[in-house]
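Novice: need a 3D model of the sequence below.
(one chain, ligands or ions: 1)
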Amino acid sequence: MRILLYRGDGIIEPWAHDFAARLPHADIVVWHKGMTPASHAPCDYAVVWAPVPALLDQLAQVKAIFLMGAGVDAVLKFGDALPHVPIVRLGDAGMAEQMAEYVAYATLRYFRRFDEYEQQARQGIWDPLPVRRKADFTVGVLGLGKLGMPVLHTLRQLGFPVRGWSRSPKDLPNAECYAGMESLDDFLSGTRVLVCMLPLTAETTNLLDRARLSRLPRGAYLINVARGAQVADPDLLALIRSGHIAGATLDVFRNEPLPAPHPFWSEPLITITPHISALTLREEAVCQIATKIERLERDEAIDDIVDRARGY
Ligand code: OXD
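Specialist: The predicted model follows:
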């Protein structure tokens, strides 16, 4: 069995090492630009992250394509140029816990006014601010998939009223559930902290534009851990500067790394992190993908197969 590996960030050797250790009978082929299908035997599986178009020629004979991350947009963008084989995303693999920590921290930081106390401390100001009530802090999670659900659960455990919005209806204990575009405005109008955890699809691109963000109550806060292209950057900035939105914690951006001249960098009410809300844990990921490859080799079913029509 031959397994082709590629990562757009070039950090591939540790992955090759771990796959070779976990699947000792497999040939691990690390793809690099300049490598042609003729230069090695066809591969049975591909394991990729942020592929480049030139890689597609190598995928003609694979039985499945595995992704080294949760998001699938960087692969699905190739559309019909992809072979008609299962595309398999990483299912949790330690990411849900990290996401829940990140979102809980960002929510508590805003709720408990640590952002304001950080500013005060820098100016030598000692000034206890009024206490906020959790009852006034409904957290709304956009996207109730494998990562969104644990985030919602964690926030509920912390005592926040929670609501979730998803494409298809869900029924969750202790959470208000909204489904479909027709309910999005209602969902937003009662949300004080909005957490975006949606996959990037044609429907969710620019979803959070001026009209939608204006539906949030005055003083709302945005946390985006999904994809930058879901938020209209100038609209978010304008609403923060007008005071309608109190601030944002953003982990994802249209262009990454966020370019130096981007105005988000200099907006004090925006907290920026470099796409680290849930990092792929290599050990867990290799173990999960290798187990799925073994199952496929035995003709057994696997989960986390991407639905291409849906886009995630
Ligand atoms: C992602 C990831 O999809 O890091 O953003 O896995």
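
Novice: need the pLDDT of the residue nearest the centre of the chain.
Specialist: The central residue of the chain, meaning the one whose C-alpha is nearest the mean C-alpha position (C-alpha atoms, centre = their mean), is A226 at 3.7 Å. Per-residue confidence at A226 stands at 98 (pLDDT).

Novice: number of residues surrounding G219?
Specialist: When neighbours are defined as other C-beta atoms under 10 Å, G219 has 13 of them. (Glycine included, C-beta is placed from N, CA and C.)

Novice: swap in A96?
Specialist: Here the neighbour count serves as a burial measure; for A96 (other C-beta under 10 Å) it reads 21.

Novice: tell me the SS of it?
Specialist: Remark: A96 carries the secondary structure label helix [criterion: DSSP: H, G, I helix; E, B strand; the rest coil].

Novice: roughly how far apart are it and D185?
Specialist: 28 Å (C-beta to C-beta, to the nearest Å).

Novice: all strands of the stretch 101-250 of the chain, in order?
Specialist: Ranges of strands in the stretch 101-250 of the chain, per DSSP state E, counting those that start in this stretch, are 139-142, 162-166, 176-179, 193-196, 220-224, 245-250.

Novice: now check the fourth one, is it near the ligand?
Specialist: Spelled out, it's strand 193-196. No. On the criterion C-beta under 6 Å from any ligand atom, strand 193-196 is out of touch with the ligand, staying 12.3 Å away.

Novice: which elements pack onto that strand?
Specialist: Using 3 or more C-beta pairs under 8 Å, 6 or more residues apart in numbering; DSSP states H and E as the contact criterion, the elements in contact with strand 193-196 are helix 95-111, strand 139-142, strand 220-224.

Novice: partners of it, with directions?
Specialist: strand 139-142 (parallel), strand 220-224 (parallel) (DSSP bridges).

Novice: now the longest one
Specialist: The sheet places strand 245-250 alongside strand 220-224 (parallel), strand 270-272 (parallel), with pairing taken from DSSP bridges.

Novice: what residues sit buried inside the last one?
Specialist: Looking back up the chat, that one is strand 270-272. The neighbour-count check on strand 270-272 (16 or more other C-beta atoms under 10 Å) flags 270-271 as buried.
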